[in-house]
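Undergrad: Sequence and predicted structure are below.
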Amino acid sequence: MNLLPSLKTPMTDSAAAAASLTPCMETGLPTDMELVMRVMPMPKDANGNGDIFGGWIMAQVDLAGCVLPGRISRGRVTTVAVNQFIFKNAVSVGDLLSFYARVEKIGNTSITVHVEVWAQRNPADLQTVKVTEANVTYVAIDERGRPRPVRLTA
């Protein structure tokens, strides 16, 4: 069972899959996930071929992915696992990257998030392409860095 970021509306796996196939017709961006970050990679983030380093994208996904768990747990979280990471298309300097997240599972101390990264490129003839998707698990931690129970917001 998937939960939308509002945590009020549970979705079945099949409903979530169907919703993810219907991006916004104007922009091509997802409408069933929360926009948590937007960034444009610069030349310093690129390799010799002009493609953005995968490690840079992974770091951005980690930053974007912790937004919802931090909000839900009302405190510090840390990355405990990268369960899946798929690079679907290359990212170039100048692409506008939009990071969308959806909570997949909430445990006693952990929260698993699905993150999708979409690139908008060529503003004159706008193209929107999914470039990356990942499933990352975060753990709520206390001031000593030890796991603590997730405190759900009302």
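TA: It's in.
Undergrad: Let me know whether Val61 touches Asn135 as I believe.
TA: No: judged on C-beta atoms under 8 Å, Val61 makes no contact with Asn135 at a distance of 10.2 Å. All C-beta spots, glycine's among them, are computed from the backbone N, C-alpha and C.
Undergrad: Of the two, which one has the most company?
TA: More crowded of Val61 and Asn135, by other C-beta atoms under 10 Å: Val61, with 24 against 17.
Undergrad: Can you work out which residues contact both of Val61 and Asn135?
TA: Residues touching both Val61 and Asn135 (C-beta atoms under 8 Å, 6 or more residues apart in numbering): Val115.
Undergrad: residues contacting the residue nearest the centre of the chain?
TA: A centroid search over the chain (C-alpha atoms, centre = their mean) returns Val115, at 2.5 Å, as the residue closest to the centre. Counting by C-beta under 8 Å, 6+ apart, Val115 makes contact with Val36, Val61, Ala64, Gly65, Phe99, Tyr100, Ala101, Thr132, Glu133, Ala134, Asn135, Val136.
Undergrad: name the helices or strands packed onto the strand ranked longest in the chain?
TA: What stands out as the longest strand in the chain, according to DSSP state E, is strand 127-140. Judged by 3 or more C-beta pairs under 8 Å, 6 or more residues apart in numbering; DSSP states H and E, strand 127-140 is in contact with helix 54-65, helix 67-73, strand 77-87, strand 110-121.
Undergrad: at 10 Å what do you get?
TA: helix 54-65, helix 67-73, strand 77-87, strand 96-106, strand 110-121 (3 or more C-beta pairs under 10 Å, 6 or more residues apart in numbering; DSSP states H and E).
Undergrad: got JSON lines for those, with mean pLDDT too?
TA: JSON lines is the format used below for these (pLDDT from 0 to 100):
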{"stretch": "helix 54-65", "mean pLDDT": "97"}
{"stretch": "helix 67-73", "mean pLDDT": "95"}
{"stretch": "strand 77-87", "mean pLDDT": "97"}
{"stretch": "strand 96-106", "mean pLDDT": "97"}
{"stretch": "strand 110-121", "mean pLDDT": "97"}
